[in-house]
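K.L.:
need a 3D model of the sequence below.
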Amino acid sequence: MENESKNENIYQLNGKVPLRTAIPIGLQHVSAMFASNLTPILIITGICGISSGSALQITILQNAMLIAGLITLVQVIGFGPIGGKLPIVMGTSSGFIGVCRGIAAGMGGGLIGYGAILGASLLGGLFEGVLGLFLKPLRKFFPPIVTGTVVLSIGLSLISIGIAFFAGGFGAKDFGSLENLALGFFVLVIIVIFRHSKSPFLRATSIIIGIIAGYIASLIMGLFLQKTITVAAADGSTVEVIKAWVLQTNKIGAAKWFAIPKFMPVKLVFNAKAIFPMIIMFLVTTVETIGDVSGITQGGLDREATDKELSGSVICDGVGSSFATLFGVLPNTSFSQNVGLVGMTHIVNRFVIAVGGIALVICGLFPKLAAVISIMPYSVLGGAAVMMFASITVSGIELITKEKLTNRNITILIVSLGLGYGLGASSAAVANLPTALQLIFSGGGIVPAAIFAIVLNIILPKEAE
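P.N.:
You can find the predicted model right below:
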């Protein structure tokens, strides 16, 4: 009975959970964000001409894992006003890819371009941190209809990413192949089976069980990042198949067992052209974080977030992002993927998430462990992602319906999703707008949907009770 009670504590914010239970669940949260934490860095370093596999790129990737773990711990544990003390996992957000790509192009790429991104992120993070200090008087601008619309937009924007992972990952040569779809579907089925198990522990760890099962299945299928199947399909040569297998496993062999993180691997550059659009992005990510926190408290705790939780989370976002730049890492914000995981499993225990943060720190210190995870096929993650991302959408709907769906609220929702999210999700529709507006709309539908929701909530008159 005592063990059963302790297992139930995973659904309590501050419940005592045994380590044997906390470790697999904490790793489940890490697995949900691991690849997505590194992907934006791989994309932006590539745009800036930092060659793949170079010592600098490996250093930045290693630092990215370490920083994500440290800031997660700060967010979960809380230090003074910094940290919401909620089950929030931090990491490099893909939402910054658009603005970072624009800054890199404007600065001519290279280390100067990457340095300008970091310099602008340092100041942008400080801006968000200060904004978080004054969040309480601004709370009235973020009622459930606004935060719910943002959470709903986050979920909708991530579903397509989840499906892309399910099909093999962006740019995969065998995108949508039968092997990729079968692997993703296999993971999804395993998760559904264990999610409806009679054992509370198996239900709670259904995601990590599905991912491990998918990883093993991919080994059997010879699907390391799809390169094996792609090469085999090209010429049918057994030699080429073996070569592709060795190429992937060599990533583990080449990784060091232990490495000290390098401080300031890239010199920071401060340029007004880079700072302005980054400030806009940090203003937007503040709204996203409010939406994420609201999604966690609604989906996991069945209540609205408090002023202190929102303020601490936003401050941690900003301070953590500024700290990350000192190690060459892009801004760190709350991870929407894990919001979906909380909404699906209802696991909100802070200690469990802290264990996941420690696992990230360990991965940052021991690159060989990270290499084992990094070669996981995207289809495995996609099988889990489609459920987690859809859960965020459901959390958004729950937030929206907490209040009566009046004509005013329905108008806010319709315009925000129809026009705001719609324009943001269609880059071609905004291609002729001024550059400043393109920066707002080019990052997807979340930003414009949030802006429309906030503005309409301010200007539309309240309806009589």
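K.L.:
what number of residues lie near G176?
P.N.:
If you count neighbours by other CB atoms under 10 Å, G176 ends up with 12. Placement of C-beta: from N, CA and C, glycine included.
K.L.:
look up how far I347 lies from the nearest residue to it once chain neighbours are set aside.
P.N.:
In space, and not counting its chain neighbours, G176 is closest to A167: 4.5 Å by CB to CB, 6 or more residues apart in numbering. Going from A167 to I347 by CB to CB, to the nearest Å gives 28 Å.
K.L.:
compare those two (neighbour count), which wins?
P.N.:
Higher neighbour count among A167 and I347: I347, with 23 against 19, using other CB under 10 Å.
K.L.:
how about that one, what does it touch?
P.N.:
If you count contacts by CB atoms under 8 Å, 6 or more residues apart in numbering, I347 has them with 10-11, 25, 87, 204, 300, 341.
K.L.:
what about it, distance to I161?
P.N.:
22 Å.
K.L.:
ditto for E288
P.N.:
Going from E288 to I161 by CB to CB gives 15 Å.
K.L.:
looking at these two, which is more packed in?
P.N.:
Between E288 and I161, counted using other CB under 10 Å, E288 has the larger neighbour count: 23 against 20.
K.L.:
test my guess that the more buried one contacts I446.
P.N.:
Yes - using CB atoms under 8 Å, E288 is in contact with I446, at 6.1 Å.
K.L.:
quick one, strands of the stretch 1-150 of the chain?
P.N.:
Ranges of strands within the stretch 1-150 of the chain are 90-92, based on DSSP state E, counting those that start in this stretch.
K.L.:
so where's it uncertain?
P.N.:
Within the stretch 1-150 of the chain, the stretches with pLDDT under 70 are 1-7, 31-36, 39, 43, 51-54, 94-95, 98.
K.L.:
how is the protein divided into domains?
P.N.:
Domain assignment of the chain by automatic domain parsing yields the ranges 2-403, 404-465.
K.L.:
quick one, which of those domains is packed in tightest?
P.N.:
Ranked by mean neighbour count under mean count of other CB atoms under 10 Å, the domains of the chain are led by domain 2-403, which reaches a mean of 20.
K.L.:
if I look at H346, how far off is R20?
P.N.:
As defined by CB to CB, H346 lies at a distance of 20 Å from R20.
K.L.:
actually F351, not the one I wrote
P.N.:
Taken as CB to CB, the span from F351 to R20 is 13 Å.
K.L.:
got it, and L399?
P.N.:
34 Å.
K.L.:
how about A425?
P.N.:
For A425, the distance to R20 - CB to CB - is 43 Å.
K.L.:
now do F79
P.N.:
28 Å.
K.L.:
just E128 next, same as before
P.N.:
Counting by CB to CB, the gap from E128 to R20 is 38 Å.
K.L.:
could you do G396 as well?
P.N.:
G396 is 34 Å from R20, by CB to CB.
K.L.:
got it, and V342?
P.N.:
Separation of V342 from R20 (CB to CB): 21 Å.
K.L.:
what does P265 give?
P.N.:
37 Å.
K.L.:
quick one, phi/psi of the residue most central in space within the chain?
P.N.:
Closest residue to the average C-alpha location of the chain: F335 at 3.4 Å, with CA atoms, centre = their mean. Dihedral pair for F335: phi -90, psi 120, per degrees, to the nearest 10.
K.L.:
over to M264?
P.N.:
Torsion angles, degrees, to the nearest 10, at M264: phi 50, psi 60.
K.L.:
what's the closest non-adjacent residue to it?
P.N.:
M264 sits nearest to L326 (CB to CB, 6+ apart), 5.8 Å away.
K.L.:
does that neighbour really touch P265, like I thought?
P.N.:
No - distance between L326 and P265: 9.7 Å, which falls outside the contact criterion (CB under 8 Å).
K.L.:
what bits of the stretch 201-350 of the chain have low per-residue confidence?
P.N.:
Using pLDDT under 70, the flagged stretches of the stretch 201-350 of the chain are 204, 222-251, 337.
K.L.:
one step back: I208 versus the residue nearest to the centre of the chain, what's the distance?
P.N.:
For F335, the distance to I208 - CB to CB - is 16 Å.
K.L.:
the stretch 251-400 of the chain: helices as residue ranges?
P.N.:
Counting by DSSP state H, counting those that start in this stretch, the stretch 251-400 of the chain has helices at residues 272-301, 307-325, 336-345, 350-365, 367-374, 378-400.
K.L.:
G69 is nearest to which of those helices?
P.N.:
When those are compared by CB to CB, helix 350-365 sits nearest G69, at 3.0 Å.
K.L.:
how far off helix 336-345 does that closest one point, in degrees?
P.N.:
Relative orientation of helix 350-365 and helix 336-345, computed by axes from the mean of the first three to the mean of the last three CA atoms, to 10 degrees: 140 degrees.
K.L.:
CA atoms only: put helix 350-365 into PDB for me.
P.N.:
Output in PDB follows, covering the C-alpha atoms of helix 350-365 (Å, rounded to 0.1, in the frame of the first residue of the first chain):
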ATOM      1  CA  ARG A 350       8.600  18.500  -9.400                       C
ATOM      2  CA  PHE A 351      11.200  15.900  -8.200                       C
ATOM      3  CA  VAL A 352      10.500  13.700 -11.200                       C
ATOM      4  CA  ILE A 353      11.100  16.600 -13.600                       C
ATOM      5  CA  ALA A 354      14.200  17.600 -11.600                       C
ATOM      6  CA  VAL A 355      15.600  14.100 -12.200                       C
ATOM      7  CA  GLY A 356      15.100  14.600 -15.900                       C
ATOM      8  CA  GLY A 357      17.000  17.900 -15.600                       C
ATOM      9  CA  ILE A 358      19.900  16.100 -13.900                       C
ATOM     10  CA  ALA A 359      19.800  13.500 -16.800                       C
ATOM     11  CA  LEU A 360      20.300  16.400 -19.200                       C
ATOM     12  CA  VAL A 361      23.200  17.800 -17.200                       C
ATOM     13  CA  ILE A 362      24.800  14.300 -17.300                       C
ATOM     14  CA  CYS A 363      24.300  14.100 -21.000                       C
ATOM     15  CA  GLY A 364      26.100  17.400 -21.300                       C
ATOM     16  CA  LEU A 365      29.100  16.200 -19.300                       C
END
